[in-house]
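Engineer: this one's structure only:
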Ligand SMILES: [Ca+2]
Ligand SMILES: [Ca+2]
């Protein structure tokens, strides 16, 4: 069987937009927990592929890791790249690739495939969603001097601001890797939570409370919370406060009717109007928008900030 599986997560860190000659590296990671792929009894290998063409893509292999060679991943591309990875059938398998000074040939689509065997020993292949790496709007290859200077200056300012933001946020937040151009900040210790306060705090830093716009984003956020061992409610931005039973992501103004609610959720009608990951199983439920009076210290939230 050859199926897409949302539990295979491919992320590109930092430079999903390439600027010719100015991007120091392009780093990506594919990861999977074998136990989360229900019909895969064992993982044999992982491969990251790349297609320069985004319409009618033609993929070629970039890097691979298998269960036989131990912790030695293989660079199959023509370009200079650091690769690492490991196949672990009882925990997380991963494959990382880091291209040094990537050319614009490295733009396009990336895909991660996981090869293994099903419960009766037949070979199966599962693959991730594709991730796009695009070309930046400015280039130093064929510019006017002014354009090049402006572009370099803009990039330097963005990097400086982002470093400052990370320094400020680090004591209070767990910081995620980049997912489709967005980074997520998970609040550590809290002695109270108010929906409106959290929204305005995230807004101060150019973001909003996390909105689960796709199933892939839901999986990414759930794993981000799980990997930081958060044992409290973690609220998202979705709410049905405006109209009972009609859950919306207010920032993106999307009406998403297929949230991944836990069993029997949302359950509390007019009493609870804010969406939360519910401990211990991190299922989605309707929760209170105000944890100051009734449930002190048990709620946290996540800011979603586009880069
Ligand atoms: Ca989102
Ligand atoms: Ca409600």
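Structural biologist: That came through fine. Just so it is clear, the model here is predicted, and its values are computed rather than measured. Ligands and ions are numbered 1, 2, ... in the order given.
Engineer: and the strands in the stretch 201-307 of the chain?
Structural biologist: In the stretch 201-307 of the chain, the strands defined using DSSP state E, counting those that start in this stretch lie at 208-209, 233-239, 274-278, 283-287, 299-306.
Engineer: and these, which is most packed in?
Structural biologist: With neighbours defined by mean count of other C-beta atoms under 10 Å, none of those is more surrounded on average than strand 274-278, at a mean of 25. Every residue, glycine included, has its C-beta placed from N, CA and C.
Engineer: nearest to residue 40, of the strands of the stretch 201-307 of the chain?
Structural biologist: Nearest to residue 40 among the strands of the stretch 201-307 of the chain is strand 283-287 (23.2 Å), distances taken as C-beta to C-beta.
Engineer: about what we covered before: wait, which of the strands of the stretch 201-307 of the chain is closest to ligand 1?
Structural biologist: In terms of C-beta to the ion, the element of the strands of the stretch 201-307 of the chain nearest to ligand 1 is strand 299-306, at 5.1 Å.
Engineer: partners of that closest one, with directions?
Structural biologist: Within its sheet, and counting by DSSP bridges, strand 299-306 is paired with strand 182-187 (antiparallel), strand 208-209 (antiparallel), strand 233-239 (parallel).
Engineer: any chance of CSV for the ones you listed, columns mean pLDDT?
Structural biologist: Below are those laid out as CSV (pLDDT from 0 to 100):
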stretch, mean pLDDT
strand 182-187, 93
strand 208-209, 96
strand 233-239, 94
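Engineer: make a markdown table from these and add distance to residue 26 to it.
Structural biologist: A markdown table is the format used below for the strands paired with strand 299-306 (distance: least, C-beta to C-beta, whole Å):
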| stretch | distance to residue 26 |
| --- | --- |
| strand 182-187 | 17 |
| strand 208-209 | 28 |
| strand 233-239 | 30 |
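Engineer: could you export these as CSV, including distance to ligand 2?
Structural biologist: Shown next, in CSV, are these (distance: least, C-beta to the ion, whole Å):
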stretch, distance to ligand 2
strand 182-187, 23
strand 208-209, 17
strand 233-239, 8
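Engineer: those: which one's closest to residue 108?
Structural biologist: strand 182-187 (20.4 Å).
Engineer: quick one: is the closest one near ligand 1?
Structural biologist: No. Figure legend: strand 182-187 not in contact with ligand 1 (C-beta under 5 Å from the ion); closest approach 6.2 Å.
Engineer: beta partners of residue 125?
Structural biologist: residue 2, residue 115.
Engineer: please enumerate the helices of this protein.
Structural biologist: Taking DSSP state H, the helices of the chain run over residues 145-169, 195-204, 215-227.
Engineer: most tightly packed of these?
Structural biologist: helix 215-227 (a mean of 18).
Engineer: mind putting the strands of the stretch 201-307 of the chain in CSV, distance to ligand 1 included?
Structural biologist: Listed next are the strands of the stretch 201-307 of the chain as CSV, based on distance: least, C-beta to the ion, whole Å:
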stretch, distance to ligand 1
strand 208-209, 8
strand 233-239, 8
strand 274-278, 12
strand 283-287, 14
strand 299-306, 5
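Engineer: of all those, which one comes closest to residue 218?
Structural biologist: Closest among the strands of the stretch 201-307 of the chain, once you apply C-beta to C-beta, is strand 283-287, at 8.0 Å.
Engineer: good, we can wrap up now.
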